[in-house]
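J.: next input, structure requested:
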Amino acid sequence: MIILNQRQQELLGIVHRESYVTVEKLSAHFGVTHQTIRRDIALMAEHQLLQRYHGGASVLSSVENVAYNARQVLCIEEKRRLAALLAKQIPDNASLFINIGTTTEEVAKALHRHRGLRVITNNLHVADMMCDYPDCEVIVLGGVLRKRDRGITGEATVQLIRQFKVDYGIIGISSIENDGVLRDYDYREVRTSEAIIQQSRQVLLAADHSKFGRPALVELGHLSQVHALFTDKPVPPEMQAVIAEAGTQLFVAD
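T.: Down below sits the predicted model:
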């Protein structure tokens, strides 16, 4: 498991925002040598956080997500802050969907003091931790188990989701495009998230700053389907306008 220092996390964020960045530009931005930047890029490329090129670095392919063990530590403090903020919006005795993702797993951790929750999830990590919470009932959705992250997807999962109507659907996402389109990498995971959105009275989206403008293959929906977005940094003015037009509440844990 890799732990990134502050410069490396910021470097990764720049690459996500700009798609491709040169070593020269990164060196000037951070005030360090080209050699230092190349070492940072090599380390993150080794852990599948970005793509290394001669003279620079780019985001990974739009068809493949970052490895699960790398996502567990990527922007971890930011995820914890926004998760804590989201958890404050959930009352006791609520019913919840929680989908696949390391950010939603942090939300599940932040709910440990709640009482009377009824949680329906296709994320075995979430189920494992929340089944020990006091007065918390956990329903695990059936389907095909993904080995890489213990997520459950497939047509059976979608059909089971459609049997419930819950107070809150808590979802994570891989990409929020500049026009408010939500995207992810696995079409089977997208189908389950679509069903969660449809079967939730309120949809709460948890997404750290690295998810904005990031490329991903499969369209999931639009911010207009989301009641509230929780992130960790103020968003650019143009993105604020898109969020406002979508009618989505914005919560920033900064």
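J.: you'd agree residue 127 is in a helix?
T.: Yes - secondary structure of residue 127 (DSSP: H, G, I helix; E, B strand; the rest coil): part of a helix.
J.: from what I can see it touches residue 140, true?
T.: Yes - proximity of residue 127 to residue 140 meets the contact threshold set by C-beta atoms under 8 Å, at 4.9 Å. To be clear about C-beta, it is placed using only N, CA and C from the backbone, and glycine gets the same treatment.
J.: the spatially closest residue to residue 8 that is not a sequence neighbour: how many residues sit nearby?
T.: Spatial nearest neighbour of residue 8, chain neighbours left out: residue 40 (5.2 Å); criterion: C-beta to C-beta, 6 or more residues apart in numbering. Using other C-beta atoms under 10 Å, residue 40 has 22 other residues around it.
J.: what's the helix or strand for residue 40?
T.: helix 34-46 (DSSP states H and E).
J.: repeat that for residue 7.
T.: helix 6-18.
J.: enumerate every residue touching residue 20.
T.: 53, 56, 57, 58, 59 (C-beta atoms under 8 Å, 6 or more residues apart in numbering).
J.: now do the same contact list for residue 204.
T.: 86, 89, 168, 169, 170, 171, 226, 227, 228, 230.
J.: the same query, at a cut-off of 10 Å, please.
T.: 86, 89-90, 96-98, 104, 107, 168-171, 226-230, 249, 251 (C-beta atoms under 10 Å, 6 or more residues apart in numbering).
J.: then residue 213?
T.: 16, 17, 18, 19, 59, 175, 176, 177, 178, 236, 239.
J.: ok, the first one touching residue 210?
T.: The one in question is residue 16. Yes - using C-beta atoms under 10 Å, residue 16 is in contact with residue 210, at 5.0 Å.
J.: list residues touching both of those two?
T.: residue 175.
J.: tell me the mean pLDDT for stretch 134-151?
T.: For stretch 134-151, the mean pLDDT works out to 92.
J.: now stretch 7-15
T.: 88.
J.: turn the contacts of residue 20 into a markdown table, including neighbour count.
T.: A markdown table is the format used below for the contacts of residue 20 (neighbours: other C-beta atoms under 10 Å):
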| residue | neighbour count |
| --- | --- |
| 53 | 14 |
| 56 | 19 |
| 57 | 26 |
| 58 | 16 |
| 59 | 21 |
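J.: helices of the chain, start to end?
T.: Ranges of helices within the chain are 6-18, 23-30, 34-46, 68-71, 76-87, 102-110, 124-130, 155-161, 187-198, 237-246, based on DSSP state H.
J.: out of these, deepest packed?
T.: Highest mean neighbour count among those (mean count of other C-beta atoms under 10 Å): helix 102-110, with a mean of 24.
J.: what's the ChimeraX line that selects buried ones from the contacts of residue 204?
T.: This is how ChimeraX selects the buried members of the contacts of residue 204, with burial counted by 16 or more other C-beta atoms under 10 Å:
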select :86,89,90,96,97,98,104,107,168,169,170,171,226,227,228,229,230
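J.: show me the contacts of residue 204 that map onto strands.
T.: If you go by DSSP state E, the contacts of residue 204 have 96, 97, 98, 168, 169, 170, 171, 228, 229, 230, 249, 251 in strands.
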